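> How does the following fold in three dimensions:
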Amino acid sequence: MQKMAELLELRDECGEGTLGAPSLAGSCLADNRLNLDVYPDGCRRFLQLFKERRGEVVQVEFLRLSSNDCLLETTLDSLPHLKHLKSLVLKGGHARDEFGSYQHGSLTSLPPDFGNLRCLTHLDLSFNRLSTLPSCILHLPNLRVLLVSHNSLVTLPEDFGCLSKLTFFSAMKNQLKDLPQSIGELSMLQDLDLSENALELLPEEVGNLHNCTELDLSGNRLLSIPDSLANLKSLRRLHLHSNLLVTVPASLASLPDLSRLDLQNNCLRAIPAEIRALPFVHVRGNPLGETEPSPQADKSSTRKLQSLFLASGEGSFTVTSEGCRVVLACGIHFYFPPGTTSDPLRIYFRSLLPDPQWVKLRHHDVLLSSVLELQPHGVQFQQEVQIWMPYISPQTPHQHEVVVRTFSGQSWSDLRTRVKWKRKSKKWVAHCCVLHFSWFLVVSRLVQNECKVPAEGTLLFSSVDPNIKVIFPPGVTKEPRSVKLQVLPVSAQEIEEITASAGCRASPLLYLSQDSMVDFLKPVRIQLPLPPGVTGLNLDRSRLHILHGDLKGQTWNDITSEVVLEFTHLYAVFEVTHFSWYWLWYTTKTYIGGIAKKVYERLRLYQVNFIALQRRKDPEQVLLQCVPKHKVDLVLKKLQDRYRGPEPSDMVEMFEGEQFFAAFERGISIDMDRPDCVDGRLSFIFYSHMKNIKEIYVTSPVDRKCQAVKGQVSFYREAVPDSIPEDASRRRKGLDSPWLATLPIKLPQLKPRWDENPGPVYGFSFPPLNLGNAETGYLTQANLLSIARRVGADWQSIGLSLGLTYQQIESIGYNNRGNLNKQILDMLFSWAQQNSENPDCVSKLITAMKESDRQDIADEIETIIELGRQKYSESIRRVGLEQESSTEDSAIAMT
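Numbering: from 1, shown residues only. The predicted model follows:
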């Protein structure tokens, strides 16, 4: 609310006027605005103007003065002459005391004839010394925005409700003990901020504020709140934290648009069940006992929901009309409330690797999770299903926010998302609510502020940098349209490092978009802060450039000569009719468009290193990973006990979602049947916050009985994503440009393997095996032999995880003592023969490998099984037995 209050003071301003130099030239009165609060002697300047050019001053519509000015009292007498005044700011807080605290202004009252300002719609008297609200304010018939925060008000006038056009009122940080009953007469009020006062009781008439969307009563002394608050059907946010509440009415849960209810730090020992069930309620800091059941709740509604905990390998569960809670092995949670579905419904789920051809990230997006697919697609639930998705916490600055993104089969869209830290699992989770299932993932995007622009116009500002504003004048559009704003701050250090020039500076990068293809009917006014170190007093206009970028940021045009630029002490203001990227630069360089393009491209790049390590116990097991530069030391420290290998590669720059390949060379090869193997090379997709890791087994056609094999693994770029800038793509063409790095791999000299000769293996002869089933894919005897080669010294822990007893493990070890290969084969095939009829035996084998810290073998088995599924599906299709697939199922093929 406080930030909103600070910005709403500018609601009726269409930008700030020109105050380029300290002189009182004609430009000071441009566009009927006077912004004199940036000057320590602003009142003196105003009085001088009023004396010398009174005819122009009385036409001023927007006036800002500092109430810390010693000439304020004299200036107040002149204000009633400004009959056209629409917005007046008389704020304190422009000076600090010896302790660094803001000093309140000297304003204690207003002249009686101040009420003659009939055009005034916006009045800001914050940070002053008002003990009572001046009565003349009640005579301002058109007042819409009133801010009196940080004063000493004890009460409000009894007839305060006569301000019938008021839409925003902030009296935070005062000493109000009660409210007049007439406050309920403010029928147009939308935002009411009474936080940090001394209120002990609210009048029932507060429930008459039917247009109120945000109500902040936090930081008071309220013991209870009236039931009439349930009448505020437009209310979206209700702040009640830091009071003395002992109860809250259950009827608040019926508010249709409520999206935030903050009850933290009160004295609540019980909360109505309806309130507690709301996904957006915050109750931390209360001495809660048990949830207070609703008087209307029947036994079925208070019955404890069934909880399902699914193990690894399970891919479905059933939801009934009674609802349930479901926890997947990967940490994803679901809440199906009672009545979600009338008949039992089988839910299928699976995790998919993101494919950049399908998962289209926007500029500056960061992927934080794999893709979750939920089926059946398109089935409409009768109540919203809640989903909690764990994600990798992004180490991104405050200009990013985490959202759940969903795929409709045609395009991706962002869901309304809340994030929360789970203490038990020590993970961040993203929470969303849906009425049907499809595909979901978690991304970090630039903070997005949006609004609906009506024909009457409005104001949109950035929550990342409130100094960035977009003002839509009346008549800007015929039909309401949605507008979105995103901001990417760029530090002076980043600009200097990329351009290698200390003379280049830039404002935050602004991106504007709308849901209409039609340009606005009137120019839209944009305010950007001047680049760091530049003010209206030292500004050299020849060095300032406004750049317009296309949607992909590949072309940056200097439009400085095409727009009318206005300057204040801190801001640049200009008008546009078309939305895209806008960037304010301050430099002596001539071709600034090319420099901006280079900087924009580099802002999207990540510095990474490649590592290639071999397992100490089994050098044929190779770990490949692409690691962001700042994480390399931490990753190597975690792996050093189990792996060894060369130093990481030199630093390379990559884009989010960029594809690259790993090729084993000089006598080393891999299994060509892997689904991720393309022309003998392993395919990777780089995502800065994903692991970008693969563990594989390598072989060599070279006879290793006599000598070791000294090979290498090289990393290449080959598929360039569509989103990469044209210049970057062009630089990566040619014979050598795809190459990224090369690291050595050495396979030591080995004894002959058991599978080099046909026939019995080390004296063992096994009957044919087919573990699993046709639909999920089989593991054959050959597959099991291939797996056995990879087990190594971990065979005992794997055997125990498979369910073999200690006595069986000891017996296998004793019977095959001195021969590790025989021990592995005996353990693995003994288990396989005992479980050949078990349809879940393959899932059990995968789980055992993971529990024994052999994720590499688990991945290998899953790859074999997936290949089997594909072959089975193809054979079904060939004989024409496959059922017709739905539209959603055909979309799966895109993945």
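> switch to C-alpha atoms for all contacts and neighbour counts from now on
Noted.
> How many residues are close by the residue nearest to residue 532 when sequence neighbours are not counted?
The spatially closest residue to residue 532, leaving aside those adjacent along the chain, is residue 505, at 6.7 Å (CA to CA, 6 or more residues apart in numbering). For residue 505, the neighbour count with other CA atoms under 10 Å is 24.
> which ones are touching residue 505?
Contact analysis of residue 505 by CA atoms under 8 Å, 6 or more residues apart in numbering lists 492, 495-496, 531-532, 585-587.
> so of the residues you listed, which ones are in strands?
When those are checked against strands (DSSP state E), the matches are 585-586.
> Would you write a PyMOL line that selects the buried entries of the contacts of residue 505?
Selecting only the buried entries of the contacts of residue 505 in PyMOL, with 16 or more other CA atoms under 10 Å as the criterion:
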select buried, resi 492+495+531+585+586+587
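> okay, the contacts of residue 505 in JSON lines with pLDDT and distance to residue 661 next?
Converted to JSON lines, the contacts of residue 505 look like this (pLDDT from 0 to 100; distance: CA to CA, whole Å):
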{"residue": "492", "pLDDT": "82", "distance to residue 661": "35"}
{"residue": "495", "pLDDT": "84", "distance to residue 661": "32"}
{"residue": "496", "pLDDT": "83", "distance to residue 661": "33"}
{"residue": "531", "pLDDT": "88", "distance to residue 661": "41"}
{"residue": "532", "pLDDT": "86", "distance to residue 661": "42"}
{"residue": "585", "pLDDT": "89", "distance to residue 661": "38"}
{"residue": "586", "pLDDT": "88", "distance to residue 661": "41"}
{"residue": "587", "pLDDT": "86", "distance to residue 661": "41"}
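> Do a quick rundown of the helices in the stretch 451-600 of the chain.
Using DSSP state H, counting those that start in this stretch, the helices of the stretch 451-600 of the chain run over 492-499, 592-603.
> Can you show me the helices along the stretch 651-800 of the chain?
With DSSP H, counting those that start in this stretch as the criterion, the stretch 651-800 of the chain has helices spanning 726-731, 781-791, 795-801.
> Now do the same contact list for the closest residue to residue 522 other than its chain neighbours.
With sequence-adjacent residues excluded and distances taken as CA to CA, 6+ apart, residue 522 is closest to residue 476, at 4.8 Å. If you count contacts by CA under 8 Å, 6+ apart, residue 476 has them with 455-457, 520-524.
> Quick one: buried ones out of these?
455, 457, 520, 523-524.
> Helix, strand, or coil at residue 247?
coil (DSSP: H, G, I helix; E, B strand; the rest coil).
> show me what contacts it?
With contacts defined as CA under 8 Å, 6+ apart, the neighbours of residue 247 are 223-224, 268-271.
> change it to 7 Å
224, 268 (CA atoms under 7 Å, 6 or more residues apart in numbering).
> again with residue 812
So residue 812 contacts 823, 826-827 (CA under 7 Å, 6+ apart).
> What of residue 72?
residue 43.
> can you do 8 Å?
If a contact means CA under 8 Å, 6+ apart, then residue 72 has 43, 66, 106-107 as its contacts.
> What separation do you get for residue 539 and residue 35?
18 Å (CA to CA, to the nearest Å).
> One more: residue 487?
Taking CA to CA as the measure, residue 487 falls 26 Å from residue 35.
> returning to that earlier point: want to try JSON lines for the helices of the stretch 451-600 of the chain, with distance to residue 648 as columns?
Listed next are these as JSON lines, based on distance: least, CA to CA, whole Å:
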{"stretch": "helix 492-499", "distance to residue 648": "24"}
{"stretch": "helix 592-603", "distance to residue 648": "22"}
